[in-house]
Each structure stands twice: as C-alpha cells, then as structure tokens.
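In: Need the 3D shape of this:
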Amino acid sequence: MSDKIPGLPTLNFSMKSANKAPPKSVQRKPVMLHIKAIPDSNTIEVKHFDHDIGAFIYARSGNVKLLDNERLDGLDHSSLILGGLSPKPAEINPGDFAFNFISDPDQNSKALDDAIDFVEKNQIHCLNHPAKVKRMTRDGLYQQFGELEGVVIPKTLRVSPRYDSDIREMVEAGDISLPMIVRPAGGHDGKEHAASGVTGRYPRTSEFCL
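Out: Numbers count the residues shown, from 1 in each chain. So this is what the prediction gives:
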C-alpha cells in the first residue's frame, strides 16, 4: 500500500508556482469623445452608402473636418451627436476628454448650447470649447474685434427681414451702408445673387447677416 496522499502538490510544483510572475494588467486607453452637431434646420445631407462598413455616410454641415474620420492610436473613441428639433438629454460616458467638432455657431446654435451644458455638467477637458465657438457668429466677430486697432472687419448686422423692403429701410436709416452683402446666417454656398429678392430666395431662412 502506498504512503503517498493523492491530490497534494509536490515541493517542486509549489516552488515553480511561487516564482511565477503575476499577470500584467491591461492598461485602459484614454477615451476621446467626439462632439458633433445636427444643424438647427434639422437636416443633414446623405452622401453615399459605404458597403464596407454597412452604413450611410453623412455630411453634417457646420462640423469641422479636422480629424473627422481619424481614430488616433492609443485612444478609444466615442461620439456624441447634439442638436435637432427635439433633442433629448445626453446620457453617455463623457470619457477622459472631448474634442468639439461643432464649428459654425450660425448653423448649430442649439447644438452648441447643448454641448456647453454637457461639458460643464461633466466637468471634462474639451479642445475647441463650445462656449468659445458660440461667440464666433458673423455679427459676433464684428462686435468683439471690429474696433481693434489694425483689424479691419466690415460692420455686420444680424437681422430678420420679412421683405426686401425691410433691408432697404435699414440702409436708408443709416443702420448699414452700401456696398454690402446679404446672405443667410450660416450660409457658405459662395453663390452671388442680386440683393433684390433675397427673402424670397430663402423662404425657410429667418435670419440674415448684412
């Protein structure tokens, strides 16, 4: 009959187990939150369908294209889309820091307000802070920098004319002088039109910059 007790580790096994290095912990990557917007008009352009990823590719007007499709090495990424007609409160992990892609305050005013609230509520570091972008409207630039020495910025007014005659009355009253450009707030189409008929040309636009 054997004196060995089954199931007990040998001395050699115990020494090997004691010398085994502990497993390396997996280091968590910092999370970068991408903050983007749907314009106040609540419309986005569908560019095409990408069969490789099985999803539509959208052109969200008013969002900076810098790093838009980049996923920087060493970081995990998540996205937050704000704005639209009936936005819901954002419920998402804020990550470690955010990059605000919303670049046009004339087109994305509502989304910027939501972004400001989200960043301040979660107290996260944010590159291209939405509160600073919010100040960069066409008329806001003139108000902030128009009187700085060495800086030339044309006088800019934000108006809501119902008819072309409303714009003519502003010129006659001396609120603004000719020559001038009339364009929808947030418009960047680069097209030139006569000032007459501008309100009829953009029936869904309520605000213009002179």
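
In: tell me which residues of stretch 99-118 are tucked away?
Out: 99-116, 118 (16 or more other C-beta atoms under 10 Å). Glycine gets a C-beta too; all of them are placed from N, C-alpha and C.

In: Filter those residues down to the ones in strands?
Out: F99, N100 (DSSP state E).

In: Can you list the low-confidence ranges for this structure?
Out: 1-26, 59-62, 66-71, 87, 161-163, 172, 183-210 (pLDDT under 70).

In: Would you map the strands across the protein?
Out: 31-38, 45-50, 55-59, 76-83, 97-100, 125-127, 158-159, 183-184, 208-209.

In: Among those, single out whichever gets nearest to D175.
Out: D175 lies closest to strand 158-159 among those, at 8.6 Å (C-beta to C-beta).

In: name the helices or strands packed onto the closest one?
Out: Here strand 158-159 touches helix 164-172, strand 208-209, going by 3 or more C-beta pairs under 8 Å, 6 or more residues apart in numbering; DSSP states H and E.

In: and among the ones you listed, the most buried is which?
Out: strand 208-209 (a mean of 21; mean count of other C-beta atoms under 10 Å).

In: on that earlier part again, including distance to L148, could the strands of the chain go into TSV?
Out: Output for those, formatted as TSV (distance: least, C-beta to C-beta, whole Å):
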stretch	distance to L148
strand 31-38	29
strand 45-50	37
strand 55-59	35
strand 76-83	32
strand 97-100	25
strand 125-127	25
strand 158-159	20
strand 183-184	24
strand 208-209	20
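
In: Quick one, which of these gets closest to G150.
Out: strand 208-209 (23.4 Å).

In: And stretch 81-94, what's buried?
Out: So stretch 81-94, judged by 16+ other C-beta under 10 Å, has buried residues I81, L82, G83, G84, A90, P94.

In: Out of the residues you listed, flag the one nearest to H125.
Out: P94 (10.0 Å).

In: domains of this structure?
Out: As given by automatic domain parsing, the domain ranges for the chain are 31-134, 138-209.
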